[in-house]
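**Q** Got a predicted model here, sequence first, then my questions.
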Amino acid sequence: MDQDHPRRRRRRRRRRRSGEDHISGLPDELLHSILLRLGSARAAARTCALSRRWRRVWAHLPELVFSSGSRDAPPLAPASFARGVGGVARAVDGALAAYAADTTLEGLVIVLPTAAGDALDGVPAGRVARWLRFAAGSVAGELVLFMPPPTMPPHEPEGVHWAALELPACERARTIALRLRLDWRLWLPPAGSFAALTSLTILFARMDGGELTALVCTRCPSLRNLRLCLVLVDDHGVSIRSDSLRSLSFVAGAPRLEVVTPGLEYLCIGEDIGEARVSAPKLAGLVWSCHATYDPHRHRLEDAGRRRLQLLDIGETSAAGLLMRKFDGVEVDQLRLGVSITLGIEAYKSFSNETSKLPKCQTLNITLLPRNCHGLAPVMLHLLRSCSSTKKVSVQLFDFSGYSSD
């Protein structure tokens, strides 16, 4: 054993003199695995300074991630934000230009830092359009593009110019998640499909109702999950007809909404809709947000939840009575109810009438919202009398700093 030590020392000295690098001698697949653990395309690209062998290794990575931090990072100061946005954007431009054209990307993630202010002027729609065109030709897995959350007021002044942003057909992408800007109008090219797409999220953009209909109904034949939070730029309604769709979250004020989805299992309505027709015989979960009114004469849930619902979530009691009458006789595994009662005896009487009979449910989750002007005890006693078959009850007290459970 002692005789081996001098031999090992001599071998190490010879390797040091020859400059032999065992890491650089590894196959590209292993080097890619090492670079992916860095978590950043910018850090991976810096390894080209190590040696000639490393110069093009990063340009064949199966994933590229550009971010100045986590997707939920706290806001930066304006000066730091401007530097952060510019740094990430420049890194994206340079890396996409140098990336190997013959390589297929399993993931492209671009997350710009969160902040308020006008620093995003350095990332115009035209710049983002180049990133999307690159993704259309290279991404065969996940595409994530997150601009910072919007800071514009919900009602913008008239005459504002909306920048056009084309969403090119990403035929091989399986997941697309876009968080854009409220002053960008998203539009589709004349041709092309999203043949492999199973999950689509579009947040904070403007779109034509007819183009949205065409996108979902004719260009995404395999779509299973759809999440939309948009501003519609016209008075056209939206029609969502899909045999493959399983989950739909629709947060967009539309004059008309048609949903014909034989396999839909989850539906969330998050904004007021003038008229709605929903045909979803397999629906198991329904969320009706506090921002959306419900009128059975204008909102027809034709064959949803005939016998059983796993989840019925009613954001606020303004829609509770009518919705619960709609599902009277339907067994509900979990009923979520938001309670917000304004001051006065008439408001409390209205609440009592609307919730005098709750659906049969296994679990009742009650959220008392900040605008609730009545005590917890009378509200809870009334609700418990209305759902004597419930096996489990949970209560959340909401204030503007967050939730606290009792």
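**A** On my side now, so go ahead. Being a predicted model, the structure only gives us computed values, none of them experimental. Numbers count the residues shown, from 1 in each chain.
**Q** Walk me through which strands the host helix or strand of Asp333 pairs with, and which way each runs.
**A** Asp333 belongs to strand 331-339 when assigned by DSSP states H and E. Neighbouring strands of strand 331-339 in its sheet, by DSSP bridges, are strand 308-314 (parallel), strand 361-368 (parallel).
**Q** And for it, what's in contact with it?
**A** Contacts to strand 331-339, defined as C-beta atoms under 8 Å, 6 or more residues apart in numbering, come from residues 290, 307-317, 320, 351, 355, 358-369, 372, 379, 383, 387. Heads up, the C-betas are built off the backbone N, CA and C, glycines and all.
**Q** run the last query once more with 7 Å
**A** 290, 307-317, 320, 358-369, 372, 379 (C-beta atoms under 7 Å, 6 or more residues apart in numbering).
**Q** can you check stretch 301-315 too?
**A** 277-281, 283-290, 320, 323, 326-327, 330-338, 359.
**Q** how about 6 Å then?
**A** Around stretch 301-315, the neighbours that count as contacts under C-beta atoms under 6 Å, 6 or more residues apart in numbering are 278-281, 283-290, 320, 323, 327, 330-338.
**Q** any idea what Arg127 is structurally, helix, strand or coil?
**A** Classification of Arg127 by DSSP: H, G, I helix; E, B strand; the rest coil places it in helix.
**Q** Please apply the same query to the one 10 residues further on.
**A** Gly137 carries the three-state label helix when classified by three-state DSSP.
**Q** re the thing from before, can you say which of the strands paired with strand 331-339 is nearest to Thr103?
**A** Thr103 lies closest, by C-beta to C-beta, to one member of these: strand 308-314, at 42.3 Å.
**Q** quick one: buried residues of the strand holding Asp333?
**A** By neighbour count on 16 or more other C-beta atoms under 10 Å, the buried set for strand 331-339 is Val332, Gln334, Leu335, Arg336, Leu337, Gly338, Val339.
**Q** Check stretch 124-134 too.
**A** Buried residues in stretch 124-134 (16+ other C-beta under 10 Å): Ala125, Val128, Ala129, Trp131, Leu132, Phe134.
**Q** In TSV, list those along with pLDDT.
**A** As requested, the buried residues of stretch 124-134 are exported to TSV (pLDDT from 0 to 100):
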residue	pLDDT
Ala125	94
Val128	96
Ala129	97
Trp131	96
Leu132	97
Phe134	94
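**Q** returning to that earlier point: nearest to Gly270, of the buried residues of strand 331-339?
**A** Nearest member of these to Gly270, counting by C-beta to C-beta, is Gly338, at 13.3 Å.
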